[in-house]
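A.B. asks: Mind folding the following:
(one chain, ligands or ions: 1)
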Amino acid sequence: MTAPATPAPSTATPHPGPTAAPSTRAPSTPAPSTPAPAADTAAAPTDPPPALPDADDRPAPAASRADRPGAGAALKGLRRVSEPAPLPEIPVPADQAGIDELRLEIDRIDAELVRLIQHRTAVSQAIGAARASMGGPKIVYSREMLVLERFRALGPAGTDLGMMLLAMGRGQLGRR
Ligand SMILES: C=C(O[C@@H]1C=C(C(=O)O)C=C[C@H]1O)C(=O)O
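C.D. replies: Numbers count the residues shown, from 1 in each chain. Presented below is the predicted three-dimensional model:
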């Protein structure tokens, strides 16, 4: 895929003393097995991942289990850009009007998610294009494992979501 016309702005502010996901995750959270990140958005979720040439440091996927020793230490490689805003409690609506109101909120959330995913994809592809132009690897598994650890806060489906985001960022770069 092509890189975005404008350079992706860097929103990552170095943060001394990262306090990433592990501190908020219960140690007893079951760890689903984490398959290798998908390399192609067009691939069915059940497809075996295609060969991924030019990766610099594989195989790291198997080491993504948060229950392995040192998982928390590994997450220190993920910077927390800012403290997350606390989320409001959502009361169960009492009537149709309340449901309609919450649906509006879902519509807003979804639109923002789509916008952010598009932005993330553009940022990821810009990094990939830069690395390719420097003769570097197309994929950095060690970094991808850190990204997936972040999404583990959402449970097993979060890992799937993280893998889909990684695949979107790879675009053509991840194809054979
Ligand atoms: C964006 C990068 O390049 C690739 C894409 C990643 C992503 O979308 O998060 C992570 C690692 C790399 O495989 C990067 O190295 O940070």
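A.B. asks: could you give the mean pLDDT of stretch 146-156?
C.D. replies: Averaging pLDDT along stretch 146-156 yields 95.
A.B. asks: do the longest helix anywhere in the chain and the ligand meet at all?
C.D. replies: If you go by DSSP state H, the chain has its longest helix at helix 96-133. Yes - in terms of Cβ under 6 Å from any ligand atom, part of helix 96-133 sits within range of the ligand, namely 124, 127-128. For the C-beta atoms, the positions are set from N, CA and C on the backbone; glycine is no exception.
A.B. asks: For those, pick the one with the most neighbours.
C.D. replies: Using other Cβ atoms under 10 Å as the neighbour criterion, residue 128 leads the residues of helix 96-133 next to the ligand with 23 neighbours.
A.B. asks: Residue 169 is in contact with that one, correct?
C.D. replies: Yes - assessed by Cβ atoms under 8 Å, residue 128 is found in contact with residue 169 at 6.9 Å.
A.B. asks: Next, the buried residues of the longest helix of the chain.
C.D. replies: The neighbour-count check on helix 96-133 (16 or more other Cβ atoms under 10 Å) flags 121-129, 131 as buried.
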